[in-house]
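>>> just the structure for this:
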Amino acid sequence: MVTFHRRLPKFDYLEPKTVDEALSLLAQYRGRAKVIAGGTDLVPKLKRREIEAPDYLIDLKGIPDLDYIKYDEVGGLSLGPLVTIHAAETSPIVQERFGVLHQAVESMACRQVRNRGTIAGNLCNAVPSADTAPALLALEASLRLASQKGERIVNVEDFFTGPSETLLADEEILLEIHVPNLPAHSRGTYLKLTPRTSMDLALVGVAAVVVAEVGMCSDIRIALGAVAPTPIRARQAEDIVRGQKLSAEVIEKAAQIAGGECYPISDHRASQEYRCHMVEVLTKRAIQQAIS
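Residues are numbered from 1 along each chain as shown. Next comes the predicted model:
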């Protein structure tokens with residue numbers, strides 16, 4: 001059976017040249033406009049009529065200097081809203097200092113999508129299986145949201161409110177992703193389970209950042225994707241490991257608890273039981289790889 005995408009529905013296309021102009025348009029057409037950056041998620045949804053078509057589509061691509069990747073030794077990493085997945089994947093700073101994020105973006109989609117799609121768009125799309133979300137959760141990243149009323153900072157963990165739902169208001173733009181520097185002796189890993197290749201959405205995604213020296217864990221962050229309505233932290237599993245010697249028994253116990261903290265659905269792609277079991281498997285592997 002061949003499936004043909006429909007044509008795009010009708011809307012007015014707007015291309016602001018500054019952030020202030022984009023925010024003004026969002027305020028003017030509040031609730032009737034959508035922002036587009038890469039469009040790799042939004043355009044297919046519009047074609048398939050999975051979401052209601054906006055009256056106005058506001059394209060940020062015409063605004064200069066929003067595709068920055070900045071780093072400093074004190075403040076950490078800052079990503080602009082037009083940073084593509086490919087740009088993050090090939091950034092030496094991301095590769096060298098934020099390996100868990102690099103592994104996440106490297107695992108995503110095909111080359112064409114990575115060249116076009118943005119990290120900010122992946123977050124704002126807010127599907128539970130978004131690959132960047134567990135990595136940024138484990139990195140304790142924050143987001144700068146802007147509107148004509150001003151700006152606010154929210155933690156990535158608080159940003160997601162449900163499947164395809166976020167705290168982002170109709171008149172707001174995600175203007176920056178900030179990732180703090182990792183403590184000394186930190187390493188991170190992102191592992192993704194898919195039926196075939198990175199072209200598939202994650203059945204399970206696990207990100208782990210471990211701070212350890214001489215086999216003793218001083219801190220750990222474990223984040224799970226595709227196994228709850230939103231990406232989540234496995235905080236009970238973290239508590240089992242934090243402050244402990246990283247023995248096989250401790251890691252095994254933490255993995256088992258992580259498998260009990262998730263609450264995935266059963267669908268045509270995988271059962272709830274299978275996903276929970278694979279959370280255990282991938283959590284164990286992620287911790288082991290992070291400390292190896």
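>>> could you pull out the helices for the chain?
19-28, 42-47, 85-90, 92-97, 99-106, 111-116, 119-125, 132-138, 156-159, 235-241, 248-261, 272-291 (DSSP state H).
>>> most tightly surrounded among those helices?
helix 132-138 (a mean of 30; mean count of other C-beta atoms under 10 Å). Any C-beta I mention is one placed from the backbone N, CA and C, and that applies to glycine too.
>>> for it, packing partners?
Using 3 or more C-beta pairs under 8 Å, 6 or more residues apart in numbering; DSSP states H and E, the elements in contact with helix 132-138 are helix 99-106, helix 119-125, helix 156-159, strand 186-193, strand 204-213, strand 216-225, strand 232-233.
>>> that helix: how far from the chain's middle?
5 Å (C-alpha atoms, centre = their mean, to the nearest Å).
>>> mean confidence for that helix?
Regarding helix 132-138, the rounded mean pLDDT is 97.
>>> now do stretch 67-78
96.
>>> ditto for stretch 109-125
Mean predicted confidence for stretch 109-125 is 92.
>>> equivalent analysis for stretch 267-277, please.
The model assigns stretch 267-277 a mean pLDDT of 92.
>>> other residues contacting it?
195, 201, 203-204, 226-227, 259-260, 262-266, 278 (C-beta atoms under 8 Å, 6 or more residues apart in numbering).
>>> out of the helices of the chain, nearest to D65?
helix 19-28 (9.6 Å; C-beta to C-beta).
>>> which outside residues touch the closest one?
Contacts for helix 19-28 (C-beta under 8 Å, 6+ apart): 14, 16, 33, 35, 56, 58, 60, 63, 66, 146-148, 170-173, 175.
>>> count of residues packed around D59?
Residues near D59, counting by other C-beta atoms under 10 Å, number 15.
>>> cool, and E15?
14.
>>> now swap in L82 and tell me
So L82, with other C-beta under 10 Å, has 20 neighbours.
>>> and the pLDDT at K284?
At K284, pLDDT is 98.
>>> right, I mislabeled it, should have said F4
So F4 comes in at 48 (pLDDT).
>>> who's D219 bridged to?
V211 (DSSP bridges).
>>> nope, K34 is what I meant
L57.
>>> in contact with it, which residues are there?
Counting by C-beta under 8 Å, 6+ apart, the residues that K34 touches are L42, P54, Y56, L57, I58.
>>> many thanks, have a good one.
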